[in-house]
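Student: Below are the sequence and a predicted model; questions follow.
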Amino acid sequence: MKYHIPMIIVFILLTISTLEGQNTPVEKGLEAITGDAIRAQLGFLSSDWMEGREAGEKGEFLASDYIASMLQLYGIKPGGDYINDRLSVTAGENKERTYFQNFVLIRTLPGDEQILKIKSEDNNMIKSVNLTYNVDFVCRPYDQTSETEAPVVFAGYGYIDDSLKYNDFEKLQVRGKYILKLAGFPKFVKSNLEREQAASLRSVLEARYKAMGVIGVLEFDQEITVAGRPERKDFMTMSPSEGKAQQGKPWARYSIPGKQYADNLTKIQVSVRSANEILNGTGINLEAYKAKADRNEKYLIPEMKGKSVYLKSSVKTSQVAVRNIIGIVEGKIRISI
C-alpha cells in the first residue's frame, strides 16, 4: 500500500486544482455564455419591436436601453456622458456617468428634384432625353444640392492596373467630364477577387478618377434593365425583422458634421436603355470591348463627341440625435523591472 500513497496524493492534488480552476470567476463567466442566452438576447434585439434599429428612431433607443441594462446587470461601469448636474462647479468632478455617449449625425435623403438629361449633338441638331428617377437612374445623395452639365465619355470598366499595363483611360480625355462605365471588373480581374477586395479596389479606382479630374460616374449593368428599386407599400412588409427594415424607403446617408462639405465623386446608377442612349451613334461596340477586356487585351476606346449629361439633384438634410453605449471593464497592468 505504501507504494500507492504518493499516487493517491498526486491524484487528490490534481483534482483539487482542477475544481479550483473551474470555480474561478473567469470560468463561471465563460460557462454563463450559452447558446440559449445569446439567442434570447439577440432574438429581442432583432424583433419587430426594434423596427430595424434605424439611427435616431425609436427602435435604436429601445435597443440601446436594453444593452445598457445588461451592462448594469453584469456590473460593468458606465463610460458615457456625465449626468447633468447644475450644482457641480467642475465638469466631471464627483459626477455620475451614464452608459450613453450622445452626439449628432447629419442625415441626407434624396430631395424632390431629381433631373438627369442626356444630350446628343449631331449636325447642329441637339436631342435631349429626360430620364425618369428610380426607373432610368438613381443618384446617391451627398451633402448639398448640386447642378452640373458636362460632356460624357465611355470608359469601359473604368479599370486601371499599372502592373499589368491595363488602362481603360488610355488616350481618353476625362478632366471635367462624366464617365460612363460598365459595372464590375474584367473577367481576368474578377476571377481573382474576393468581395472585400473588390470593395477596396473600387475605392482605389474612384480616388484615381478624382485625381484625373472626373466629375462624376454613370454606371450600368447590362443585366439590369431598371435603376433603383420598386416602392413597397406597408402591407408588403408584414415583419420588418425578416428583411431590411422599411423596404422601399429612400436610401439615406449618415455623416458626422464637419467644417467643410465633403468632396465626393458624383455616382449615378443608370439603366441599360439610358446607357444605350448615350452610346447610340458613337460607333462603340460593347461586346467587342468586353471580349478583349476580359482577356486582358488592349481595346482603344474611341472618345465620344457630342454627348453630354445634365444633372440636378436636390437633397433633404436634417440633424439626427443618436448615441453610443459605453461600458468600462477595468484591467490590470503588470510592470516587470
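Tutor: Done, it's in.
Student: in the biggest strand by length in the chain, what's buried?
Tutor: For the chain, the strand with the greatest residue count under DSSP state E is strand 100-122. Neighbour-count burial for strand 100-122, counted by 16 or more other CB atoms under 10 Å, picks out Phe100, Leu105, Arg107, Thr108, Pro110, Gln114, Leu116, Ile118, Lys119, Ser120. Quick note: C-beta positions are derived from backbone N, CA and C, even for glycine.
Student: any idea which of the residues you listed is closest to Lys171?
Tutor: Using CB to CB, Ser120 comes nearest to Lys171 of the buried residues of strand 100-122, at 22.2 Å.
Student: The closest one reaches Leu279, doesn't it?
Tutor: No. In this structure, Ser120 is not within contact of Leu279 by CB atoms under 8 Å, at 10.4 Å.
Student: Contact partners for Gly59?
Tutor: Neighbour list for Gly59: Trp49, Met50, Glu51, Gly52, Arg53 [criterion: CB atoms under 8 Å, 6 or more residues apart in numbering].
Student: Among those, name the ones in strands.
Tutor: Among the contacts of Gly59, no member falls in strands (DSSP E).
Student: Make a markdown table out of the residues you listed and add neighbour count.
Tutor: Shown next, in a markdown table, are the contacts of Gly59 (neighbours: other CB atoms under 10 Å):
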| residue | neighbour count |
| --- | --- |
| Trp49 | 14 |
| Met50 | 21 |
| Glu51 | 17 |
| Gly52 | 19 |
| Arg53 | 17 |
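Student: Now flag whichever of these is closest to Ala32.
Tutor: Ranked by distance to Ala32 (CB to CB), the contacts of Gly59 are led by Met50 at 24.1 Å.
Student: can you tell me how far the closest one sits from Asn130?
Tutor: To Asn130, Met50 is 41 Å away according to CB to CB, to the nearest Å.
Student: low-scoring stretches of the stretch 51-200 of the chain, by residue?
Tutor: Applying pLDDT under 70 to the stretch 51-200 of the chain flags the ranges 85-94, 141, 143.
Student: where do the helices sit along it?
Tutor: According to DSSP state H, counting those that start in this stretch, the stretch 51-200 of the chain carries its helices in the segments 58-73, 187-190, 195-211.
Student: Of all the residues in the second one, which ones are buried?
Tutor: Yep, that's helix 187-190 we're talking about. Going by 16+ other CB under 10 Å, helix 187-190 has these buried residues: Phe188, Val189.
Student: Touching it from outside, list them.
Tutor: For helix 187-190, using CB under 8 Å, 6+ apart, the contacting residues are Tyr159, Asp161, Gly184, Ala198, Asp294, Arg295, Asn296.
Student: hmm, 7 Å instead?
Tutor: The contact list for helix 187-190, computed with CB atoms under 7 Å, 6 or more residues apart in numbering, reads Tyr159, Gly184, Asp294, Arg295, Asn296.
Student: Just the buried ones from those residues?
Tutor: Buried among the contacts of helix 187-190 by 16+ other CB under 10 Å: Tyr159, Gly184, Asp294.
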